[in-house]
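Chemist: fold the following, please.
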Amino acid sequence: MLNKLTAMATLAGLLLAAGSAFADKTYRLRLAETWPPNYPIFGEATKSLKKMVETMSNGRLKITIDAKNKHKAPLGIFDMVKAGQYDIGHSASYYWKGKDPNTLFFTSMPFGMTAPEQYAWFYYGGGMELMAKVYARHGLLSFPGGNTSNQMGGWFQKEIKSLDDLQGLKMRIPGFAGEVLAKLGAKPTNIPAGELYTALERRTIDALEWVGPSLDLRMGFHKIAPYYYTGWHEPATELQFLVNKKKWDSLPADLQEVLRVAMRTAAYDTYAQSYHASAVNWDTIKSDYPNIKIKTFPKAVLDAMRRANDELLAERAAADPLAKEIIDSQAAYMAKARAWTAISDQAYLNSLGE
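Modeler: Coordinates of the predicted model:
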C-alpha cells in the first residue's frame with residue numbers, strides 16, 4: 001500500500017511539474033499575408049490579431065507577420081501554409097480555385113448573401129462546418145478573416161453599354177464572378193494588389209475590381225479607368241485566416257481558444273473598419289474626384305450575368321456532391337435570411353424614400 005501511495009504521489013508530482021512547464025512554454029506562429037507591408041485595413045487585421053493573442057495569452061502565444069515583400073508569393077499562401085512553411089495565412093478563399101474549386105464558395109458569391117446574412121450562415125447556418133469539410137482534405141483549417149461588405153463592380157476604361165462590350169474584355173476579377181464573365185466572353189484574370197495599377201496603366205488589363213471606396217480611391221484607378229460600376233459579384237467579401245491543422249493541434253486547448261477568439265474579433269473589426277472607410281471616402285467622391293463616372297450595369301447585362309451564374313452553379317452542383325451540398329445550403333439560408341432582410345433593413349430604407 002505504501003509503495004502504491006508513493007507511486008501515486010510521484011505521478012502527481014510529475015504531472016504538476018509538466019503542467020507548470022506547459023503553462024510557461026512560449027508558442028510561436030508565423031503568418032504570411034497576401035497584402036503588401038502595412039496595407040490599410042487588411043494588413044491591420046493581422047496586426048490586431050498579433051496584438052490580441054499576445055495580450056490574451058499573457059505572452060505565451062506570439063505571431064510573426066510576413067507581408068508579400070518578404071515571402072514573395074502573395075497568391076501562394078495556400079501552398080505555404082499547407083506545407084508548414086507558415087502556420088497561418090491571411091488571404092481570400094476564392095484565390096484557391098485551382099487547388100480546390102469548392103474553396104470559391106467561402107469568400108463571396110455573385111448575387112449572393114450580404115455580409116450580415118453570410119456571417120449568420122457561417123456561424124449559425126452550417127457554413128463553418130461545410131468550410132471545415134472542404135479544407136480538411138488539405139490538412140487546413142479556415143476561419144473568417146474580415147469582411148469588406150458589398151464591393152463595387154469595378155473600374156472600366158470604357159462604358160459597358162451592352163453584352164458586346166464584354167467580349168474579349170481583359171479584367172482582373174477572381175472567384176466565381178470571373179467564371180461568370182468568362183462564360184459571357186470576357187477574359188478574367190487575377191493579379192495581386194500591388195500590381196493592379198501598373199497592369200491597368202500598361203493596358204495589360206482593360207478593367208479591374210478591387211474592393212470599394214475604402215481602398216480603391218487611394219490606389220488611383222480612377223486616373224486610368226473613370227467608369228466606376230456598382231456591384232453584383234461580391235455582396236459580402238469575407239477574407240480568410242488559413243491555419244495549418246498540425247500546428248493548430250500542437251497548441252494547448254486554451255491557446256487554441258485564444259487564437260479562435262482573436263481571429264473572430266479581428267475579422268469583425270475589419271468589417272466595421274472597412275464599412276467606415278467606404279462611407280467616409282464615398283462622401284468625398286463628388287468633391288474630390290469629379291471625373292469619376294458612377295454607373296450601374298444595364299439590365300440586359302445584369303440579367304445575362306445572373307443566367308450565367310445560375311447555369312454555372314447547376315453545372316457545379318451536378319458534378320460534385322460536396323459543391324451541391326454547399327450551394328444548396330447557401331441558397332436555402334439566403335432565402336430564409338433575405339425574407340428578414342427585406343422586411344427589416346430594406347423596408348426601413350424604402351420607408352425613408354432612399
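
Chemist: quick check, central residue of the chain?
Modeler: In the chain, the residue lying closest to the centroid (CA atoms, centre = their mean) is Leu239, at 1.8 Å.

Chemist: what residues sit buried inside the helix or strand hosting it?
Modeler: Mapping Leu239 onto the secondary structure by DSSP states H and E places it in strand 238-244. By 16 or more other CB atoms under 10 Å, the buried positions in strand 238-244 come out as Glu238, Leu239, Gln240, Phe241, Leu242, Val243, Asn244. Every C-beta, even on glycine, is put in place using the N, C-alpha and C of the backbone.

Chemist: distance of the fourth one from Tyr271?
Modeler: Per CB to CB, to the nearest Å, Phe241 is found 14 Å from Tyr271.

Chemist: equivalent analysis for the first one, please.
Modeler: Between Glu238 and Tyr271 the computed distance is 9 Å (CB to CB).

Chemist: go on, the last one?
Modeler: Distance from Asn244 to Tyr271, counting by CB to CB: 25 Å.

Chemist: same deal with the fifth one?
Modeler: Here the criterion is CB to CB. By it, Leu242 lies 18 Å from Tyr271.

Chemist: can you check the third one too?
Modeler: For Gln240, the distance to Tyr271 equals 13 Å [CB to CB].

Chemist: now swap in Ala83 and tell me
Modeler: Separation of Ala83 from Tyr271 (CB to CB): 30 Å.

Chemist: repeat that for Glu44.
Modeler: To Tyr271, Glu44 is 12 Å away according to CB to CB.

Chemist: look at these two and report which has more neighbours.
Modeler: Tyr271 (24 against 17; other CB atoms under 10 Å).

Chemist: okay, that one: pLDDT?
Modeler: At Tyr271, the pLDDT value in this model is 98.

Chemist: helix, strand or coil for it?
Modeler: Following DSSP: H, G, I helix; E, B strand; the rest coil, we place Tyr271 in the helix state.

Chemist: which residues sit in contact with it?
Modeler: Taking CB atoms under 8 Å, 6 or more residues apart in numbering as the contact definition, Tyr271 lies against Ala115, Gly146, Asn147, Thr148, Ser149.

Chemist: kindly recompute the last result at 7 Å.
Modeler: Each residue near Tyr271 by CB atoms under 7 Å, 6 or more residues apart in numbering is listed here: Ala115, Gly146, Asn147, Ser149.

Chemist: picking up where we left off before, so what does the strand holding Leu239 touch, helix or strand wise?
Modeler: Packing contacts for strand 238-244, counted by 3 or more CB pairs under 7 Å, 6 or more residues apart in numbering; DSSP states H and E, involve helix 77-82, strand 88-91, strand 140-147.

Chemist: and the ones you listed, which is most packed in?
Modeler: Most buried of the helices and strands packed on strand 238-244, by mean neighbour count (mean count of other CB atoms under 10 Å): strand 88-91, with a mean of 26.

Chemist: how about low-confidence regions in the stretch 251-354 of the chain?
Modeler: Applying pLDDT under 70 to the stretch 251-354 of the chain flags residues 354.

Chemist: tell me the domain ranges of this structure?
Modeler: Structural domains annotated on the chain: 25-147+236-277, 154-233+289-319, as defined by automatic domain parsing.

Chemist: out of those domains, nearest to Trp340?
Modeler: Between Trp340 and the domains of the chain, the tightest spacing by CB to CB is seen for domain 25-147+236-277, at 8.6 Å.
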